[in-house]
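Engineer: Let me see the structure of the following:
(one chain, ligands or ions: 2)
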Amino acid sequence: MDRFVRNFIIISIVYLGASSILGVCMLADPSLVYLKFVHSHLNLLGWVSMMIYGVGYHVLPRFSGRPLKYPRMGEAQFWTANIGLVGMLLFYALGVFNAVPAYKTLSIAFGALEVLSIGLFFYNMLATLLPKTTA
Ligand code: HEM
Ligand code: HEM
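Structural biologist: Ligands and ions are numbered 1, 2, ... in the order given. Below you'll find the predicted structure:
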């Protein structure tokens with residue numbers, strides 16, 4: 001198993017733990033529901049997407065009988081996905097408690113990095129899975 005594949009799977013479980021703790025805190029103190037976006041995206045981009053990236057990088061190339069085309073792009077995607085997610089949610093949360101315009105800008109910028117990471121996964125998977133036409 002590639003190192004970045006293992007890292008995607010480990011970090012996805014860390015996000016599940018963090019988002020579940022936040023979810024219970026939201027149940028205990030309903031004013032924290034302002035952080036629903038943080039909870040839902042820790043789950044959906046952190047737990048669910050990163051688990052899918054990890055399993056997908058490992059399993060989908062094997063299904064197609066071809067190795068992953070760009071392993072170093074997979075490594076880069078690990079970092080962009082995680083830095084993008086943590087930055088987006090951190091500055092969103094800071095902006096909830098203190099509405100500084102710079103926080104909103106930073107949250108958007110890190111969100112754009114997250115979108116870039118999704119693009120890297122998309123490109124690498126298509127380059128790996130789509131067979132080359134020889135004719
Ligand atoms: C111990 C585990 C969890 C707890 C205690 C928890 C708790 C909560 C709470 C309190 C809310 C806010 C509900 C409201 O708007 O009043 C919420 C929203 C949400 N949670 Fe969780 N949650 C947990 C796990 C998960 C998991 C595993 C996922 C996804 C894989 C998830 C996805 C969501 C989503 C998408 C929302 C937003 C739903 C909406 O906008 O109506 N949660 N959760
Ligand atoms: C870069 C990627 C993403 C960005 C920037 C983003 C951004 C947003 C924003 C701004 C909202 C509205 C939050 C609010 O009402 O205050 C939202 C809601 C939501 N998004 Fe995303 N999203 C992303 C990816 C995803 C993915 C991959 C999923 C599912 C797998 C997802 C599922 C949801 C759901 C269920 C809600 C409604 C629950 C909530 O209000 O938190 N999002 N998203």
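Engineer: of all the residues in the protein, which ones are close to ligand 2?
Structural biologist: 36-37, 40-41, 44-45, 48-49, 111, 114-115 (C-beta under 6 Å from any ligand atom). Just so you know, the C-beta spots here come from the backbone N, C-alpha and C atoms, and that holds for glycine as well.
Engineer: Below-threshold pLDDT in this protein: ranges please.
Structural biologist: Low-confidence segments of the chain, defined by pLDDT under 70, are located at 132-135.
Engineer: any idea where the helices of it begin and end?
Structural biologist: 3-28, 36-41, 49-64, 71-97, 101-129 (DSSP state H).
Engineer: Can you lay out the ones you listed as CSV showing mean neighbour count?
Structural biologist: Listed next are these as CSV, based on neighbours: other C-beta atoms under 10 Å:
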stretch, mean neighbour count
helix 3-28, 16
helix 36-41, 17
helix 49-64, 17
helix 71-97, 18
helix 101-129, 16
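Engineer: Would you reformat the residues of the chain next to ligand 2 as JSON lines and include distance to Phe121?
Structural biologist: What follows is the residues of the chain next to ligand 2, written out as JSON lines (distance: C-beta to C-beta, whole Å):
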{"residue": "Lys36", "distance to Phe121": "26"}
{"residue": "Phe37", "distance to Phe121": "22"}
{"residue": "Ser40", "distance to Phe121": "20"}
{"residue": "His41", "distance to Phe121": "17"}
{"residue": "Leu44", "distance to Phe121": "15"}
{"residue": "Leu45", "distance to Phe121": "12"}
{"residue": "Val48", "distance to Phe121": "13"}
{"residue": "Ser49", "distance to Phe121": "9"}
{"residue": "Gly111", "distance to Phe121": "16"}
{"residue": "Glu114", "distance to Phe121": "11"}
{"residue": "Val115", "distance to Phe121": "11"}
